[in-house]
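In: everything below, folded, please.
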Amino acid sequence: MTGLGFSISAWWKEVWSWDRVKDVIRTLPGRLGFEKDYKELKFFRLRLDLDTGEVFDEILGEFPSERQRYGLYYILYQYSRASEEQEELGELVTISNICPAIHCPMFKENTRAFEKVFGYDPELLYTAAKPFNYEKVDVADAGIKLYVLPRVPIVLGVWLGEEGLPPSTTILFDKSITHYLDCEAASILAGVAVARLIISLAKHQNVDVKDVKYSYRYQCTE
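Out: Numbers count the residues shown, from 1 in each chain. This is a model prediction of the structure:
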């Protein structure tokens with residue numbers, strides 16, 4: 001609870017409910033890389049029903065919780081505010097370049113989980129990324145580029161952990177992301193991208209990740 005006795009969950013529901021943001025999000029069909037489909041938005045193996053606001057997760061094969069949807073609406077609302085498209089600039093930047101001080105516990109937790117899952121077998125990253133139409137890139141010991149939104153690519157790389165040297169992660173965006181998203185939305189998307197790769201590996205390749213602590217929510221806070 002906050003000092004005013006108003007929970008964070010209630011705040012998200014008040015500000016980012018479907019009724020509050022649907023008119024803006026419904027401007028996206030035919031814009032910013034989305035298909036001109038007025039029934040649903042399709043991206044990153046998610047499908048958003050533009051009539052009801054329901055979301056279907058094709059990786060999990062289920063509907064995210066109401067609270068998860070609020071965070072997703074927030075990201076799409078931010079994205080929809082771009083009045084025109086910005087071409088990729090070809091310059092990769094880190095989250096710290098976008099956000100001088102990252103205050104997103106979910107992002108940090110998921111980065112550690114990513115290193116634990118992929119850091120001792122980087123080739124698993126390609127297996128996990130198969131459902132996302134990824135592109136291999138020459139980054140780290142294994143690296144991929146995929147699109148979390150139609151005009152927002154993310155590059156994820158993992159460096160192999162060896163004796164005395166822990167694995168590490170590289171997470172990069174094209175610099176054009178600042179045209180589409182603010183600092184918090186970029187941090188959330190990076191954390192969610194990492195989580196979805198872990199989930200994909202567990203769901204479709206039967207890799208046991210039950211001992212890996214990560215968060216699958218479209219919000220930085222609990």
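In: please count neighbours and contacts with C-alpha atoms only from this point.
Out: Fine.
In: how is the protein partitioned into domains?
Out: 8-80, 92-205 (automatic domain parsing).
In: now these in CSV, with mean pLDDT, distance to Lys213 and mean neighbour count?
Out: Output for those, formatted as CSV (pLDDT from 0 to 100; distance: least, C-alpha to C-alpha, whole Å; neighbours: other C-alpha atoms under 10 Å):
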stretch, mean pLDDT, distance to Lys213, mean neighbour count
domain 8-80, 91, 18, 17
domain 92-205, 91, 6, 19
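In: would you list these in JSON lines and tack on distance to Cys220?
Out: Output for the domains of the chain, formatted as JSON lines (distance: least, C-alpha to C-alpha, whole Å):
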{"stretch": "domain 8-80", "distance to Cys220": "9"}
{"stretch": "domain 92-205", "distance to Cys220": "5"}
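In: between these, which gets nearest to Gln86?
Out: Gln86 lies closest to domain 92-205 among the domains of the chain, at 6.5 Å (C-alpha to C-alpha).
In: how long is the closest one from one end to the other?
Out: 30 Å (C-alpha to C-alpha, to the nearest Å).
In: okay, now the sheet partners of the helix or strand that contains Gly157, with direction.
Out: Assigned by DSSP states H and E, Gly157 falls within strand 152-159. Applying DSSP bridges to the sheet, strand 152-159 is found paired with strand 142-149 (antiparallel), strand 168-174 (antiparallel).
In: state the helix or strand in which Leu32 lies.
Out: Using DSSP H and E, no helix or strand contains Leu32.
In: next, find the distance separating it from Leu201.
Out: 29 Å.
In: centre of the chain versus the strand holding Gly157, how much separation?
Out: 11 Å (C-alpha atoms, centre = their mean, to the nearest Å).
In: swap in stretch 142-161?
Out: Offset of stretch 142-161 from its chain centre (C-alpha atoms, centre = their mean): 11 Å.
In: which SS class is the spatially closest residue to Glu35 that is not a sequence neighbour?
Out: In this structure, Glu35 finds its nearest non-sequential neighbour in Pro29, 5.7 Å apart by C-alpha to C-alpha, 6 or more residues apart in numbering. Following DSSP: H, G, I helix; E, B strand; the rest coil, the label given to Pro29 is coil.
In: nothing else from me, thank you.
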